[in-house]
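> Give the three-dimensional model of this entry:
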Amino acid sequence: MSNQLPHIAFLGIGLMGAPMTRNLLDAGFPMTLWNRTASKCDSFADEATIAASPAEAVADADVVITMLENGDVVEDVLVAQGVIDALKPGALVVDMSSVQPSVARRHAALAAERGAGYVDAPVSGGTVGAAEARLSIMAGGAEADVARALPVFGALGKCTRIGPVGAGQLAKLANQAIVGITIGAVSEALLLAAEGGADPAAVREALMGGFAGSRILELHGQRMIDRDFAPGAPARIQLKDLRMILDEARAEGLTLPLAQQTHNAYQSLVANGHSEVDHSGLLLELEHLNGTLLGSSLPAKGKKE
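This is a model prediction of the structure:
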């Protein structure tokens, strides 16, 4: 029996949860699924058990994975809707949502009272990384608990143990600080170059080979040039993450000026009706601020034979 794959309850079948569930099913894990909007589970109905409530979903689970929108939703599902109370002794809770480190520590303590383990394991890589099983998984928890989760993480991407419970969430906040601030930097750089008469696509191409090269410049720089702001990660989620970064900084007695400025820019973007655009759509706020569009000052390109 020792080589039998653990039964997974997966709570939250959304933009990230759906491709993650697909990869876990393909890896052979028996699964029970729950989602607030039940229809999102329909495509998996032939391969997994669909539960009517999150507490029902976890009753027989060895591993419980949550991939939910924010800390308030995780709190509601784990505590108010009775998931922690329904855990079987020896189960392992793996919260792959992005929540405050303090929330992760509190949920770990509640799980321990039930004789269950807990790992906070937020991810980076977005919907593409989820679909391609190339997520970067940042795990916080006891070494033994993280080790138990490794076979599951192996079907989803690459796991790095960061430290004790809460440390995974701190790594995620560090990730989101770099992502948000860098999106702002790429927006400003491309707009600066384009307004002076440079072709932003050529600027991006040139910078990709130098010290300023990054995944943000590569992927989101291209999105800005193409004006493709269909959400991989919506701006409202980036704003939520920046708010958590500033809350954590305050708790640690730190001042983070770049994170604060980037937070304010995303706050304006969302206030101007762009909560559902991709976070690379921060360019829209910069364009609004300057009364111009990226590349609009360039001469129309003639056809090249």
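> remind me which residues of the chain are low pLDDT?
1-3, 297-305 (pLDDT under 70).
> Residue 110 - how many residues pack around it?
Other residues lying near residue 110 total 17 when counted by other Cβ atoms under 10 Å. For glycine as for every other residue, the C-beta is placed from the backbone atoms N, C-alpha and C.
> and if you look at residue 147?
Residue 147, neighbours per other Cβ under 10 Å, totals 13.
> How about residue 279?
27.
> all helices for the stretch 51-200 of the chain, in order.
54-58, 71-75, 83-86, 101-113, 126-131, 143-153, 167-195, 200-208 (DSSP state H, counting those that start in this stretch).
> want to throw those helices into JSON lines with distance to residue 161?
Below are these laid out as JSON lines (distance: least, Cβ to Cβ, whole Å):
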{"stretch": "helix 54-58", "distance to residue 161": "24"}
{"stretch": "helix 71-75", "distance to residue 161": "21"}
{"stretch": "helix 83-86", "distance to residue 161": "23"}
{"stretch": "helix 101-113", "distance to residue 161": "14"}
{"stretch": "helix 126-131", "distance to residue 161": "19"}
{"stretch": "helix 143-153", "distance to residue 161": "5"}
{"stretch": "helix 167-195", "distance to residue 161": "8"}
{"stretch": "helix 200-208", "distance to residue 161": "32"}
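> Of all those, which one is nearest residue 260?
helix 167-195 (10.3 Å; Cβ to Cβ).
> what comes up buried for that closest one?
167-173, 175-177, 179-187, 189-191, 193-195 (16 or more other Cβ atoms under 10 Å).
> And stretch 208-221, by the same measure?
Buried residues in stretch 208-221 (16+ other Cβ under 10 Å): 214, 216-217, 220-221.
> picking up where we left off before, who wins for proximity to residue 246 among the helices of the stretch 51-200 of the chain?
helix 167-195 (9.6 Å).
> now that closest one, how far from the centre of its chain.
14 Å (Cα atoms, centre = their mean, to the nearest Å).
> likewise stretch 76-92?
Counting by Cα atoms, centre = their mean, stretch 76-92 comes out at 23 Å from the chain centroid.
> Can you give me the end-to-end span of it?
One end of stretch 76-92 sits 18 Å from the other (Cα to Cα, to the nearest Å).
> And residue 28, its phi and psi?
Torsion angles at residue 28 (phi, psi; degrees, to the nearest 10) stand at phi 100, psi 10.
> and the closest residue in space to it that isn't next to it in sequence, which of the three is it?
The shortest distance from residue 28 to any non-neighbouring residue, by Cβ to Cβ, 6 or more residues apart in numbering, is to residue 5 (5.8 Å). What DSSP: H, G, I helix; E, B strand; the rest coil gives for residue 5 is coil.
> wait, doesn't residue 5 sit right on residue 30?
Yes: contact criterion Cβ atoms under 8 Å: residue 5 and residue 30 qualify, at 6.7 Å.
> For this protein, which segments are assigned as strands?
For the chain, applying DSSP state E gives strands covering 8-11, 31-34, 49-50, 63-66, 92-95, 117-120, 123-124, 135-140, 157-163.
> Among these, which comes closest to residue 241?
strand 123-124 (10.9 Å).
> partners of the closest one, with directions?
strand 135-140 (antiparallel) (DSSP bridges).
> got the angle for the strand it pairs with vs strand 157-163?
If you take axes from the mean of the first three to the mean of the last three Cα atoms, to 10 degrees, strand 135-140 sits at 20 degrees to strand 157-163.
> how far is strand 135-140 from where the chain is centred?
For strand 135-140, the distance to the chain centre is 11 Å (Cα atoms, centre = their mean).
> Export that strand to CSV, keeping only CA atoms.
This file holds the C-alpha atoms of strand 135-140, laid out as CSV (Å, rounded to 0.1, in the frame of the first residue of the first chain):
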residue,chain,number,x,y,z
LEU,A,135,5.2,26.3,-11.8
SER,A,136,7.7,27.6,-9.3
ILE,A,137,6.4,26.4,-6.0
MET,A,138,7.6,28.2,-2.8
ALA,A,139,7.0,26.0,0.1
GLY,A,140,6.9,26.9,3.8
